[in-house]
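Q: after the sequence you'll find the predicted model.
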Amino acid sequence: MSQSLDQALHAFAPPLPLAVALSGGADSTALLLACARKWPGQVMAVHINHGLQAAAAQFERQCQQFCDSLHIPLHILQVNAHASTGQSPEDAARIARYSALTEFLTEHPQGKACKAMALGQHADDQVETLLLALSRGAGLPGLSAMPAQWVRNGLAFYRPLLQVSSLEIRRWLAQEGQSFIEDPTNTDEAFTRNRIRARLMPALREMFPHYLDTFARSASHAAQAQVVLDEVAHDDWSRVCNSAENAPEIKKLQALSSARQSNVLRYWLKSSCKSSASAAQLQELLSQIAACTTAGHQIQIKVGSGFVRRSKAELAWYNETV
């Protein structure tokens, strides 16, 4: 169920001191203002300069002025967010942003004093993320959209506004008389997320007035189902793993259903190999496992950044550089 911003902040209880990621847009401005009022003297702000547009310096100045008015320290981080070959601009910026935030919280003296980081994504962002995942044929992790809370490198991250609509955030800011930055790139429909926002969201709102709530509920169901699959994968891993080699035994894999083989293989690749398989790669691997009934049958399949190979009675994963 959608919340007001005040309801969301009332329920938000992170460990303190708290860092808030501040872009200067409506969502992060509202989040910082509300947090600063709730925990005076316990909040700092972090602004990421992606270096991608001419207005970046002006955004910095406006964020600094806002933080000065709240008597809150602001830390400005410069990142290289230019996309590499085959990478979308959105993905490049997101990866650079989270890397910079993580580095600040783990290495900067003042960042290390913080116990948590709050981000300003809201209910509309959540629906956009879900629609993007659907367009890519994502599995349950993608359909779970964005978590409200997670831990990365031992650091606690929160998204306390995920049940608050963009419209509610802007209404709240108007009531407070608080201005914010309107990033001109947010209306550039060269970006997929912006096209979703400009074209799909108004149609969804007209056809399904409560879509923010219902789509979020679907994402929550997907997240819960993924938790169950992770628990099943952990149990199956204990059965198929050769503990000496930390690798799955082929015969024990064959004793599982195809769906559970797929689930435990993804678990193995993610947890032990730090890799992942595309749907096509995983299907080919399952086919090879099913066909592996003789001692001479060989398996060597490209998976992520490496290869899965047969090594006697087990599967082994090798990086390309090996």
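A: Right, received. Where do you want to start? Numbering: from 1, shown residues only.
Q: hey, where'd the strands end up in the chain?
A: Assigned strands in the chain, in chain order: 18-21, 43-49, 74-78, 116-118, 149-152, 155-158, 241-242, 247-248, 300-303, 306-311, 314-319 (criterion: DSSP state E).
Q: and the fourth one, what does it pack against?
A: Applying 3 or more C-beta pairs under 8 Å, 6 or more residues apart in numbering; DSSP states H and E, one finds that strand 116-118 makes contact with strand 18-21, strand 155-158. Yep, even glycine has a C-beta here, placed from its N, CA and C like the rest.
Q: can we see that at 10 Å?
A: Packed against strand 116-118 by the contact rule (3 or more C-beta pairs under 10 Å, 6 or more residues apart in numbering; DSSP states H and E) you find strand 18-21, helix 26-38, strand 43-49, helix 89-107, strand 149-152, strand 155-158.
Q: mean neighbour count, the ones you listed: which tops it?
A: The highest average neighbour count among those, using mean count of other C-beta atoms under 10 Å, belongs to strand 18-21 at a mean of 26.
Q: and that one, what does it pack against?
A: Going by 3+ C-beta pairs under 10 Å, 6+ apart, strand 18-21 lies up against helix 26-38, strand 43-49, strand 74-78, helix 89-107, strand 116-118, strand 155-158.
Q: lowest-confidence stretch among the ones you listed?
A: In terms of mean pLDDT, the lowest-scoring of these is helix 89-107 (a mean of 83).
Q: can you show me the CA trace of the lowest-mean-pLDDT helix or strand in the chain as CSV?
A: Lowest on mean pLDDT, DSSP states H and E among the helices and strands of the chain sits helix 89-107, with a mean of 83. Output of helix 89-107 as CSV, limited to C-alpha atoms (Å, rounded to 0.1, in the frame of the first residue of the first chain):
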residue,chain,number,x,y,z
PRO,A,89,24.8,4.6,-20.1
GLU,A,90,22.4,3.9,-17.2
ASP,A,91,24.3,0.8,-16.2
ALA,A,92,27.6,2.5,-16.4
ALA,A,93,26.4,5.4,-14.2
ARG,A,94,24.8,3.0,-11.7
ILE,A,95,27.9,0.9,-11.3
ALA,A,96,30.2,3.9,-10.9
ARG,A,97,27.8,5.4,-8.4
TYR,A,98,27.6,2.4,-6.1
SER,A,99,31.3,1.8,-6.3
ALA,A,100,32.0,5.4,-5.3
LEU,A,101,29.5,5.2,-2.4
THR,A,102,30.9,1.9,-1.2
GLU,A,103,34.5,3.2,-1.4
PHE,A,104,33.4,6.4,0.6
LEU,A,105,31.8,4.3,3.4
THR,A,106,34.7,1.9,3.7
GLU,A,107,37.7,4.1,3.2
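Q: from residue 136, how far out is the residue lying closest to residue 53 once chain neighbours are set aside?
A: Excluding its sequence neighbours, the residue lying closest to residue 53 (C-beta to C-beta, 6 or more residues apart in numbering) is residue 185, at 6.4 Å. Here residue 185 is placed at a distance of 22 Å from residue 136 (C-beta to C-beta, to the nearest Å).
Q: out of those two, which sits in the busier spot?
A: Comparing residue 185 with residue 136 by neighbour count (other C-beta atoms under 10 Å), the higher total belongs to residue 185, at 13 against 9.
Q: what's the spacing between that one and residue 56?
A: Taken as C-beta to C-beta, the span from residue 185 to residue 56 is 11 Å.
Q: quick check: neighbours shared by these two?
A: Residues touching both residue 185 and residue 56 (C-beta atoms under 10 Å, 6 or more residues apart in numbering) are residue 50.
Q: show me where the chain dips below the pLDDT cut-off.
A: The model of the chain has pLDDT under 70 over residues 1, 51-52, 54, 81-87, 89, 320-322.
Q: domain parsing of it, as residue ranges.
A: 5-216, 244-319 (automatic domain parsing).
Q: other SSEs contacting the longest helix seen in the chain?
A: In the chain, with assignment by DSSP state H, the single longest helix is helix 211-240. For helix 211-240, the packing partners by 3+ C-beta pairs under 10 Å, 6+ apart come out as helix 123-135, helix 140-143, helix 166-176, helix 201-207, strand 247-248, helix 250-254, helix 258-271.
Q: as TSV, these with mean neighbour count would be great.
A: Output for the helices and strands packed on helix 211-240, formatted as TSV (neighbours: other C-beta atoms under 10 Å):
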stretch	mean neighbour count
helix 123-135	19
helix 140-143	17
helix 166-176	16
helix 201-207	12
strand 247-248	24
helix 250-254	17
helix 258-271	19
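Q: now these as TSV including distance to residue 97?
A: Listed next are those as TSV, based on distance: least, C-beta to C-beta, whole Å:
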stretch	distance to residue 97
helix 123-135	14
helix 140-143	19
helix 166-176	20
helix 201-207	23
strand 247-248	35
helix 250-254	39
helix 258-271	23
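Q: for these, which one sits closest to residue 41?
A: helix 166-176 (20.2 Å; C-beta to C-beta).
Q: isn't residue 144 up against residue 230?
A: No: the pair residue 144 / residue 230 is not scored as a contact, 11.4 Å apart, by C-beta atoms under 10 Å.
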